[in-house]
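[1] Need coordinates for the following:
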Amino acid sequence: MDRMTSEERAGERDEPQRLPEYTERVLDVAELIPPGRVMTYGDVAEWLGEGGPRQVGRVMALYGSAVPWWRVVRSDGVLLPEHELRALDHYREESTPLREAGHASHGHLPRLDMGRARWDGARTGGADPGAADSGGTDRADAESGGAEAGDVAHTGQFPPSGGPA
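    Numbers count the residues shown, from 1 in each chain. This is a model prediction of the structure:
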């Protein structure tokens, strides 16, 4: 999928430029996450078999507006600072599981219920690579599946917990 750089959106460049491959791959994973489910920055990096949470976070900060950015989240379930209300609207619209905020929490905003909202990346159906299963599968189940490290594009599951070989 061709996406524009921020300079192109601002009209600073005449010729379209493709985004770096890693950026495209991060954004592609964000688009696979079903409504009502989330992946952490680290989950996305693990899915891709390269980079880490900070690299994924940087891609999402710079280019995430082109995809469902609210589905790539912090591992603690805290809503993205400065985007909390917009994200909360999306979560409520998609029925993403939330945990109500305690009185001590900042701004009394809910958190994501990571145990229920986290998506393991499992896909259903063999014909459509974008067809996603929105049913919950435990991440440990996904990690214990038969996926070989680095073979996530074919299985749609995380590599084993040992990461890429």
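
[2] Where does pLDDT dip in the chain?
    Applying pLDDT under 70 to the chain picks out residues 1-16, 102-107, 123-165.

[3] can you pull out the helices in it?
    6-9, 21-32, 41-48, 53-63, 84-94, 114-117, 139-143, 152-155 (DSSP state H).

[4] any idea which of those helices is most buried?
    Comparing these by mean neighbour count (mean count of other CB atoms under 10 Å), helix 41-48 comes out on top with a mean of 23. For the C-beta atoms, the positions are set from N, CA and C on the backbone; glycine is no exception.

[5] tell me the angle of that helix relative to helix 53-63?
    100 degrees (axes from the mean of the first three to the mean of the last three CA atoms, to 10 degrees).

[6] what angle do helix 41-48 and helix 21-32 make?
    Using the same axes, to 10 degrees, the inter-axis angle of helix 41-48 relative to helix 21-32 is 110 degrees.

[7] which secondary structure elements does helix 41-48 contact?
    helix 21-32, helix 53-63, strand 72-73 (3 or more CB pairs under 8 Å, 6 or more residues apart in numbering; DSSP states H and E).

[8] Remind me what the first one packs against, helices and strands.
    For helix 21-32, the elements it packs on are helix 41-48, helix 53-63, judged by 3+ CB pairs under 8 Å, 6+ apart.

[9] And the contacts of the first one?
    To tie it back to what came earlier, the one meant is helix 41-48. Identification of contacts with helix 41-48 by CB atoms under 8 Å, 6 or more residues apart in numbering yields 22, 25-26, 29-30, 39, 51-57, 60, 72-75, 118-119, 121, 152, 158-159, 163.

[10] who's in contact with His83?
    Applying CB under 8 Å, 6+ apart to His83 gives the contacts 69-70.
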